[in-house]
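Engineer: Predicted model follows, preceded by the sequence.
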Amino acid sequence: MQTAVLGGADSEEPLMLPLETIELDAFRRRHEQDTFWCGLLLGGCGLQLTTKLYTDQVCSLSSFAC
């Protein structure tokens, strides 16, 4: 998953996760105090998400349940 919303499942503030591993550290620093959610208005499940760093594939967002 590459898209999420900030602050809560009902948020209208979308964001895109960077695709490149090298950009993820800067993204994490920029959003250090933010929480990411699978947005209900985007058709998502409403679960809180976390970033996943991969060096051999595209970085992604995943729910804490995964």
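Structural biologist: Looks like it came in fine. Numbers count the residues shown, from 1 in each chain.

Engineer: Kindly provide the distance from the residue in the chain sticking out farthest from the centre to E20.
Structural biologist: Within the chain, the residue lying farthest from the chain centre (Cα atoms, centre = their mean) is D56, at 18.6 Å. For D56, the distance to E20 equals 13 Å [Cβ to Cβ, to the nearest Å]. C-beta: built from backbone N, CA, C; applies to glycine.

Engineer: which residues in the protein form helices?
Structural biologist: 21-30 (DSSP state H).

Engineer: where does it dip in pLDDT?
Structural biologist: When residues are selected by pLDDT under 70, those of the chain lie in 1, 59, 64-66.

Engineer: If we use 50, what do you get?
Structural biologist: Residues of the chain meeting the criterion pLDDT under 50: 66.

Engineer: which residues in it form strands?
Structural biologist: Assigned strands in the chain, in chain order: 3-6, 14-16, 36-37, 48-52, 60-63 (criterion: DSSP state E).

Engineer: Now do stretch 37-50: distance from first to last residue.
Structural biologist: Distance between the two ends of stretch 37-50: 8 Å, counting by Cα to Cα, to the nearest Å.
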